[in-house]
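# Predicted coordinates and the sequence they were generated for:
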Amino acid sequence: MDAKKLDAIPLFSSLSKSERNQAAQWADTIDVPEGTELAREGSFAHEFFVIASGTAEVRRGGEVVTELGPGDFFGEIGLLETERRTASVLATSPLTAIVMFQREFRELERRHPDVAERLRAAIRARLPD
């Protein structure tokens, strides 16, 4: 994917230009129509998503728990903590997302501890006590 797309994503803002170029090599960009289910609660987690444009809603137990927009991310809990999705995510508009599969996501975490810490802080905020 084009590394310039990562420039506008707060999660990657601490990375240098060369580090963003590396992260871009590990990621793909997808475009999905409104109504697409990007993650299903209870299913195995294989990828991490960052919304570049568009909106989505997070549902747990069929109830909407939050709405997501550009710069928001999801999928990290399943990759780092639980192996399974803790919620479903549904595109509520046409959506463009940056997608990183588990192996590349783990490499990003290993090479860039500052990004990993942001992800872990998000996990702590999202998981119930």
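Yep, that arrived. Residues are numbered from 1 along each chain as shown.
# Going by C-alpha atoms from here, please, whenever you check contacts or count neighbours.
Fine.
# List the buried residues for the helix or strand where residue 106 lies?
Using DSSP states H and E, residue 106 sits in helix 102-111. Residues 102, 104-105, 108-109 are the ones in helix 102-111 that count as buried (16 or more other Cα atoms under 10 Å).
# do stretch 17-27 as well
In stretch 17-27, counting by 16+ other Cα under 10 Å, buried: 19-21, 23-24, 26-27.
# Out of the residues you listed, which sit inside helices?
Using DSSP state H, 19-21, 23-24 are the members of these that sit in helices.
# circling back: okay if I get the buried residues of stretch 17-27 as a markdown table plus distance to residue 75?
Shown next, in a markdown table, are the buried residues of stretch 17-27 (distance: Cα to Cα, whole Å):
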| residue | distance to residue 75 |
| --- | --- |
| 19 | 21 |
| 20 | 20 |
| 21 | 22 |
| 23 | 17 |
| 24 | 18 |
| 26 | 16 |
| 27 | 14 |
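# Name the nearest residue to the residue nearest in space to the middle of the chain, sequence neighbours excluded.
The C-alpha lying nearest the average C-alpha coordinate of the chain belongs to residue 49 (Cα atoms, centre = their mean; 2.7 Å). Leaving aside its chain neighbours, residue 49 sits nearest to residue 99 (4.7 Å; criterion: Cα to Cα, 6 or more residues apart in numbering).
# Which strands border the host helix or strand of that neighbour, and is each parallel or antiparallel?
Using DSSP H and E, residue 99 falls within strand 95-101. Within its sheet, strand 95-101 is paired with strand 27-32 (antiparallel), strand 47-53 (antiparallel), according to DSSP bridges.
# Give the buried residues for the helix or strand of the chain with the lowest mean pLDDT.
The helix or strand of the chain with the lowest confidence, counting by mean pLDDT, DSSP states H and E, is helix 113-126 at a mean of 72. Within helix 113-126, the residues scored as buried using 16+ other Cα under 10 Å are 115-116, 119-120, 123.
# again with stretch 79-98
79-80, 83-93, 95-98.
# Just the endpoints, please. Distance across that stretch?
16 Å (Cα to Cα, to the nearest Å).
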